[in-house]
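Chemist: sequence and predicted structure, then a few things I'm wondering about:
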Amino acid sequence: MCEHEPPCPPWEAPDHEAARVVASHPEQGWVLLCNSVVIFEDTGEILPDLRVVTPHRSLPKLPASRMEGRTTRAAEFMGSSE
């Protein structure tokens with residue numbers, strides 16, 4: 001049970017990621033929160049009941065200049081006549 005003031009949100013709460021970090025292992029890419037949730041650097045989680053939450057961080061979008069020609073190359077690879 002959390003002894004912080006104010007207490008950390010329980011793991012079932014929507015804001016459970018706001019709990020305090022009690023163990024940090026950045027070299028391994030994870031932290032343990034006071035409410036027993038393990039959060040990974042990709043935003044995936046393991047909850048205390050052993051359910052897994054898939055990563056929910058949105059991926060950065062490539063600038064349009066880096067996307068030019070990608071569709072054409074993919075179409076060529078797939079054998080399209082575009």
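Modeler: In hand now; what should we look at? Residues are numbered from 1 along each chain as shown.

Chemist: do you know the pLDDT at residue 20?
Modeler: Note on residue 20: pLDDT of 94.

Chemist: swap in the one 10 residues further on?
Modeler: Residue 30 carries a pLDDT value of 95.

Chemist: number of nearby residues for it?
Modeler: A total of 17 residues lie near residue 30 under the criterion other Cβ atoms under 10 Å. In short, each C-beta sits where N, CA and C put it, glycine included.

Chemist: what bridges to it?
Modeler: Beta-bridge pairing for residue 30 (DSSP bridges): residue 25, residue 40.

Chemist: could you pull up the contacting residues of it?
Modeler: 38, 39, 40, 41 (Cβ atoms under 8 Å, 6 or more residues apart in numbering).

Chemist: wait, the first one sits on residue 29?
Modeler: Read it as residue 38. No - using Cβ atoms under 8 Å, residue 38 is not in contact with residue 29, being 10.5 Å away.
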